[in-house]
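Visitor: For reference, the sequence and a predicted model appear below.
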Amino acid sequence: MENLLIEIYLFVCHVYDTSSATCYQRLSNNRVPEFTDQELITIWFFAHLEGCFEKKKMHRLILKYWLDWFPRLPSYQTFVLRLNRLEPTFQTFGACLFSHLAPRQMPELDHIVDSLPVMLARHGHSYRARVAREVADIGFCAAKKTRFHGVRLHCLAQRRINRLPLPAQVWLCAASHHDSQAFIRQQPELPVTELFGDLAYPTPAIISHLKQQQTRLIAPQKKPKGKELTEDENYYNRLVRRIRQPIESLFNWVQEKTGIQRASKVRSTEALMIHGWGKLAVAFFLLVFNY
């Protein structure tokens, strides 16, 4: 484990040395603290690889087992306060790691699009939730039949044979935004390909946007009102859902490795941004280095 910790720290220092302009900037007299941001980011990545997804568990892990490696570890309150300021840094790390995934993209392969709810509160609690109201609100997850307060993680991924899809674009939006609305706002650019989506995506605006990029949208056929689908239409829908299934596997893998979907411990907008972009950076780290 010591070797893993050293490798992560060297990686973090390398990104800081090459991308310091877009990381969190300190302009105060304490701009070079004894416990550095590099150490803080190292703990974040290392703790996730050890299965500690919450900040309190991260702090306890270092305090109990790795304090010799981080002798200047601050109190838990200071640890959380400093971590919540690092949204630009996590976005920088995510972009750096994502750039190493990009060269593997194969333009001739098709893509899949879907969204994952990041839940601050669920069911009846969602109506009383007040956390991160600047970016989060109430939405409905049809797959889980759950009303929740939070945001949605949208992912456009490239399908790969017998492997998890490779993320091509990711973005966050409020839970109330319909998947089609979020897609049009993002205006993702695709190579000449086929895009597989669910029933939320076949809207005139999306079809027109994709047509300009010479991309064809493939989605299940909606059941006509008062009628049943034909045998051929049912077979077509099963085929489309089977092709789209890998993106569900990708979301399940990200949830297993980072716990991104459960955000009930988040208490501020800054903490929600860290929860989102920080855990995505961990997922990209795992994909790039094949952990």
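Guide: Okay, I see it. From a predicted model like this one, the values you see are computed outputs, not experimental measurements.

Visitor: for the protein, what spans make up the strands?
Guide: With strands called from DSSP state E, the chain shows them at 111-122, 137-141, 146-160, 163-174, 194-196, 216-218.

Visitor: Report all helices and strands that the first one contacts.
Guide: Same thing as strand 111-122. If contacts are counted by 3 or more Cβ pairs under 8 Å, 6 or more residues apart in numbering; DSSP states H and E, strand 111-122 sits against strand 146-160, strand 163-174, helix 179-186, strand 194-196, helix 231-258. Heads up, the C-betas are built off the backbone N, CA and C, glycines and all.

Visitor: what does the shortest one contact?
Guide: The contact list for strand 194-196, computed with Cβ atoms under 8 Å, 6 or more residues apart in numbering, reads 110-113, 156, 159, 201, 210, 215-219, 240, 243-244.

Visitor: so how far is it from its chain's centroid?
Guide: A distance of 21 Å separates the centroid of the chain from that of strand 194-196, by Cα atoms, centre = their mean, to the nearest Å.

Visitor: what does the first one give?
Guide: Mean-position distance between strand 146-160 and its chain equals 8 Å (Cα atoms, centre = their mean).

Visitor: Quick one: residues contacting residue 34.
Guide: residue 72.

Visitor: So that it lines up with my notes, have the first residue be 40 from now on.
Guide: I'll keep to 40 as the first residue from here, and by that count the last item is residue 73.

Visitor: on that earlier part again, and the contacts of strand 233-235, which of them are buried?
Guide: 149-152, 195, 198, 240, 249, 254, 256-258, 279, 283 (16 or more other Cβ atoms under 10 Å).

Visitor: between those residues, which is nearest residue 268?
Guide: Distances from residue 268 to the buried ones among the contacts of strand 233-235, taken as Cβ to Cβ, are shortest for residue 279 (12.4 Å).

Visitor: shouldn't the closest one be in contact with residue 256?
Guide: No: look at residue 279 against residue 256 with Cβ atoms under 8 Å: they stay out of range, at 10.8 Å.

Visitor: where does the chain dip in pLDDT?
Guide: Along the chain, segments meeting pLDDT under 70 span 60-61, 63-70, 141-147, 231, 330.

Visitor: tell me the domain boundaries of it?
Guide: Per automatic domain parsing, the domain ranges recorded for the chain read 41-122, 145-306.

Visitor: which one of those domains lies closest to residue 327?
Guide: Closest approach to residue 327 among the domains of the chain (Cβ to Cβ): domain 41-122, 9.7 Å.

Visitor: any idea how far that closest one is from the chain center?
Guide: Remark: domain 41-122 is offset 20 Å from the chain centroid, using Cα atoms, centre = their mean.

Visitor: if we can go back for a sec, looking at the strands of the chain, which is closest to residue 128?
Guide: That would be, of the strands of the chain and by Cβ to Cβ, strand 202-213, which comes in at 16.8 Å.

Visitor: rewinding a little: burial-wise, tell me which of the domains of the chain comes out on top.
Guide: Stretch with highest mean neighbour count among these: domain 145-306 (a mean of 16; mean count of other Cβ atoms under 10 Å).

Visitor: Distance to residue 327 for the buried ones among the contacts of strand 233-235 - can I get that in TSV?
Guide: Putting the buried ones among the contacts of strand 233-235 into TSV (distance: Cβ to Cβ, whole Å) gives the following:
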residue	distance to residue 327
149	23
150	20
151	20
152	22
195	18
198	19
240	29
249	29
254	27
256	30
257	29
258	31
279	30
283	25
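
Visitor: Let me know the closest of the residues you listed to residue 138.
Guide: residue 195 (16.3 Å).

Visitor: That closest one and residue 242: what is the separation?
Guide: 16 Å (Cβ to Cβ, to the nearest Å).

Visitor: Ok, residue 137 next?
Guide: Distance, residue 137 to residue 242, by Cβ to Cβ: 28 Å.

Visitor: cool, residue 220 as well?
Guide: 9 Å.

Visitor: just to revisit the earlier point, tell me which of the strands of the chain approaches residue 81 most closely.
Guide: strand 202-213 (23.2 Å).

Visitor: what lines up beside that closest one in the sheet?
Guide: Strands that pair with strand 202-213, judged by DSSP bridges, come out as strand 185-199 (antiparallel).

Visitor: got the angle between the strand it pairs with and strand 176-180?
Guide: 60 degrees (axes from the mean of the first three to the mean of the last three Cα atoms, to 10 degrees).

Visitor: For residue 325, which residues are in contact?
Guide: Here residue 325 is in contact with 88, 296 (criterion: Cβ under 8 Å, 6+ apart).

Visitor: Thanks again, I'm all set now.
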